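# Dropping a prediction and its sequence here:
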Amino acid sequence: MYVLMSPSLSILWGLLTPVVFIGSIYIKKPKNYLRDHPEEIKRRFLVVGTSTFIWNSLFYYLNSINSLSSQGPDLLTWVGLSITLSNFLSTICALLITMVLFLGNIFQEILDPPEININLTSIRAYIMAPIFEEAMYRSCLINALISGGFGWNSVVISSLIFGLSHFYRIEDVLNYKKDLEFRDFIPVLFQVCFTTLFGLYVGYVFVVTGSLFAIIVLHSFCNFMGLPSMRFLDDTHPAFRYKREIGLAYVVGIIGFFALLGWALRPEYFGSWHTEFIKRNS
């Protein structure tokens, strides 16, 4: 199949994607349930999962050009779910590089293993959120922008839309506090900035590898690792006596990540249709 859109239509589709995704959260939303309430988590699994499936289906159904079907790959390749050796290797490669970035975190967690609880909250963070968000913001949104002729700028635009869409989390602040100050909004602003940078990275990986599997795994891994923790600097922490080694691991990990990124994740290694499409339309 061949997906082709006008620039204006692709932008419109890109702007509607977060509206559909975030808007589905509020379908029959009980007023007395906060986001971590078990029943609210289950409800969001259903409504967000359904909207994700319907929106992606509509995208490929409405925008595929049948007369050009012989010039493009099959649907699974567009989505990023083709079962190929390249998809498998790209997932492993992207995960290993990301683990280098988190070298300091990993070292610290080995010295002080975290308690892992399997519950609805962890299932949401490590399984459902990565699947739904990557399907919407990468497989659908980036493909819409690429199809509209935005090329590599699709990664930047999609990451900005992904980051800004997290402003909806301001609702949590409004629900928890009545007398608001600017500092109450700092966590939301930080999340917007962080998710924008994260979206830039996974968006690049998606276009380079053409693999939805890879970015779902990356999303899940990053959610599990969380932000860098400075607990090891506390003299009561079990890892305190290794603070120099952990600090060095953070530095080595960051430098190693950027050194390996351009070398190991190159478009020509994975034969991605997405990069091929960008070349054809550049």
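Done, it's in.
# use CA for all of it now, contacts and neighbours both
Noted.
# could you show me where the helices are in the stretch 51-200 of the chain, in order?
With DSSP state H, counting those that start in this stretch, the ranges of helices along the stretch 51-200 of the chain come out as 75-79, 85-101, 103-111, 120-123, 129-134, 141-147, 153-164, 170-176, 186-209.
# Switch the ones you listed over to CSV, and while doing so, append mean neighbour count to every line.
Supplementary listing: those in CSV, determined by neighbours: other C-alpha atoms under 10 Å:
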stretch, mean neighbour count
helix 75-79, 18
helix 85-101, 19
helix 103-111, 19
helix 120-123, 16
helix 129-134, 21
helix 141-147, 28
helix 153-164, 22
helix 170-176, 12
helix 186-209, 20
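# Just give me the lowest mean pLDDT stretch among the ones you listed.
Comparing mean pLDDT over these, the weakest stretch is helix 170-176, at a mean of 67.
# give me phi/psi at the nearest residue to residue 87 once chain neighbours are set aside?
Beyond its immediate neighbours in the sequence, the residue positioned closest to residue 87 (C-alpha to C-alpha, 6 or more residues apart in numbering) is residue 211, lying 5.6 Å away. The phi/psi pair for residue 211 (degrees, to the nearest 10) reads phi -120, psi 120.
# shouldn't residue 211 be in contact with residue 85?
No: the pair residue 211 / residue 85 is not scored as a contact, 11.0 Å apart, by C-alpha atoms under 8 Å.
# ok so, going back, nearest approach to residue 53 belongs to which of the helices of the stretch 51-200 of the chain?
Proximity of those to residue 53 was assessed by C-alpha to C-alpha; the nearest stretch is helix 129-134, lying at 8.7 Å.
# Which strands and helices lie in contact with that closest one?
With contacts defined as 3 or more C-alpha pairs under 8 Å, 6 or more residues apart in numbering; DSSP states H and E, the secondary structure elements packing on helix 129-134 are helix 38-63, helix 212-225.
# then the shortest one to CSV, C-alphas only?
Extracted as CSV, the C-alpha positions of helix 212-225 are listed here (Å, rounded to 0.1, in the frame of the first residue of the first chain):
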residue,chain,number,x,y,z
LEU,A,212,7.2,-0.1,16.4
PHE,A,213,8.5,-3.0,18.4
ALA,A,214,11.7,-1.2,19.1
ILE,A,215,10.2,2.0,20.4
ILE,A,216,7.6,0.2,22.6
VAL,A,217,10.5,-1.7,24.2
LEU,A,218,12.4,1.6,24.7
HIS,A,219,9.4,3.3,26.1
SER,A,220,8.8,0.5,28.6
PHE,A,221,12.5,0.4,29.6
CYS,A,222,12.7,4.1,30.1
ASN,A,223,9.6,4.1,32.2
PHE,A,224,11.0,1.4,34.3
MET,A,225,14.4,3.1,34.9
